[in-house]
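My questions are about this predicted structure, shown below with the sequence.
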Amino acid sequence: MHKVHQKGSNVIVVCSSGFMIYPEDIHLNYLELKKQILEHSLTFVLLPSLSFEICVQEIVKRQMNRPYLKASAEKERDKIIQRFHIYSQLPCQIMLTDVQPLQVVNNIKNNLNQ
């Protein structure tokens, strides 16, 4: 069993946008890892907005600006529509990403220093 965090270690774990909604049987240790991540006091969920429509629009726009994804706006919209309510209700700190990336970093750093 892998631990997300071990005492005395500084670790950053970055999960894919779909990690929290993977099928429970995707990996033997998935549920335990997910539990550790959810329960960690320094877990952040990054969302562009807590407004459903604004969040959906912004994520679709961002995904469509990534040509390497070869995504369709309809599929990206369907994905975030399915995920938004799950993500926005996770028992973690939510960081809004509707600002410049450096401001997101500073907001997280400020939160860590509290």
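Okay, I see it. All of these numbers come straight from a predicted model, not from anything done at the bench. Numbers count the residues shown, from 1 in each chain.

how near is Gln36 to His27?
Separation of Gln36 from His27 (Cβ to Cβ, to the nearest Å) stands at 14 Å. Yep, even glycine has a C-beta here, placed from its N, CA and C like the rest.

Which one of those two is surrounded by more residues?
Higher neighbour count among Gln36 and His27: Gln36, with 17 against 12, using other Cβ atoms under 10 Å.

where exactly do the helices run in this protein?
Secondary structure of the chain (DSSP state H): helices at 30-39, 52-64, 73-88, 101-112.

The second one relative to helix 73-88, how many degrees between them?
For helix 52-64 and helix 73-88, the angle between their directions (axes from the mean of the first three to the mean of the last three Cα atoms, to 10 degrees) works out to 130 degrees.

Against which helices or strands is helix 52-64 packed?
Applying 3 or more Cβ pairs under 8 Å, 6 or more residues apart in numbering; DSSP states H and E, we find helix 52-64 packed against helix 73-88.

what's the helix it packs on in contact with?
Here helix 73-88 makes contact (Cβ atoms under 8 Å, 6 or more residues apart in numbering) with 17-18, 20-21, 45, 47, 50, 52, 55-56, 59-60, 63-64, 94.

now the residues you listed: which count as buried?
20, 45, 47, 55-56, 59-60, 63 (16 or more other Cβ atoms under 10 Å).

Could you check how far the residue positioned nearest the centre of the chain is from Asn106?
The centroid of the chain falls nearest to Val45 when counting by Cα atoms, centre = their mean (4.3 Å). Counting by Cβ to Cβ, the gap from Val45 to Asn106 is 18 Å.

before we move on, the earlier item: which two of the buried ones among the contacts of helix 73-88 have the greatest separation?
Pairwise distances across the buried ones among the contacts of helix 73-88 (Cβ to Cβ) peak at 19.5 Å, for the pair Met20 and Val60.
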